[in-house]
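> Dropping the sequence and predicted coords here.
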Amino acid sequence: MSDQMKASIRGDVERYFRFLHDFGFVVQSVDYHPKSFGNWEVVYASEECLVEISNDRDGIDLNFMPLNKDGTFRVGIKGMIYCVTQGQKFIDYFSPSPFPSRDEQMKELAILLKEYLAQIAPYFGSNYQAHKEEILSAEKKWNNFALQQMQIKIKAEKQAAEAARIASRKRTLSRMRNAIKLFFSKG
């Protein structure tokens, strides 16, 4: 069963990320974790870097890793785009929508990867150590900015919900007043 799942996962990922082969990437590994909510990872390797596409409870992530086998150092594509554009391009956690399907997430990440791969991959190549602090700093700034954006959205949603609640109460009171007026006007 595990080999069948791995083949299925690889097929699903390749549907969106097959273009990586044109950039010299090969599938290095496919891992499936049935006891961890069915999570999985597919790792592509090139001469410059590793690209890990993973699923954690239907949340798809795309991370870059250096070739030095430092498996603890992973940087997400959205943070790396923020880095290579010197903070000019911010892509929200929940882009394009707050609850995208797995396929929508993979499609979005594939589009971003196609656009930025040539700019990002060199950061993880032979000069990785020279770029490591820049990458970490940019990712931290992106995370902070993303958190601020999320807080702003939550506050706006709360305000909108409160405004809707107040408007609903006003409509209810208006209907009640009209009903009372109608009741007493018939008497």
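Looks like it came in fine.
> Now do the longest helix along the chain: distance to the chain's middle.
Ranked by number of residues, the top helix in the chain under DSSP state H is helix 128-186. Averaged C-alpha coordinates place helix 128-186 at 21 Å from its chain's average position (Cα atoms, centre = their mean, to the nearest Å).
> Which strands or helices does it pack on?
Other elements packing on helix 128-186 under the criterion 3 or more Cβ pairs under 8 Å, 6 or more residues apart in numbering; DSSP states H and E are strand 75-76, helix 77-84. Any C-beta I mention is one placed from the backbone N, CA and C, and that applies to glycine too.
> In space, what's closest to residue 9 - neighbours in sequence excluded?
Of all residues beyond its chain neighbours, the one nearest residue 9 is residue 40 (4.9 Å), with distances taken as Cβ to Cβ, 6 or more residues apart in numbering.
> what helix or strand is that neighbour on?
Secondary structure assigned from DSSP states H and E places residue 40 in strand 39-45.
> For the next helix-or-strand element following that strand, output the C-alpha coordinates as PDB.
Proceeding N to C from strand 39-45, the next assigned helix or strand is strand 50-56, under DSSP H and E. In PDB, the C-alpha atoms belonging to strand 50-56 read as follows (Å, rounded to 0.1, in the frame of the first residue of the first chain):
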ATOM      1  CA  LEU A  50      16.600  20.900  -2.900                       C
ATOM      2  CA  VAL A  51      13.000  21.800  -3.300                       C
ATOM      3  CA  GLU A  52      10.600  20.100  -0.800                       C
ATOM      4  CA  ILE A  53       6.900  20.000  -1.500                       C
ATOM      5  CA  SER A  54       5.000  18.700   1.400                       C
ATOM      6  CA  ASN A  55       1.400  18.100   2.600                       C
ATOM      7  CA  ASP A  56       0.500  18.500   6.300                       C
END
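> For strand 50-56, buried residues please.
Residues 50-55 are the ones in strand 50-56 that count as buried (16 or more other Cβ atoms under 10 Å).
> helices and strands of this structure: which one has the lowest mean pLDDT?
For the chain, scoring each helix and strand by mean pLDDT, DSSP states H and E identifies helix 128-186 as the least confident one, at a mean of 81.
> Now do it against helix 77-84: the angle between them, please.
Here helix 128-186 runs at 120 degrees with respect to helix 77-84, directions being taken by axes from the mean of the first three to the mean of the last three Cα atoms, to 10 degrees.
> start the count at 20, not 1, going forward
All set: I'll call the first residue 20, so the last point we hit is now helix 147-205.
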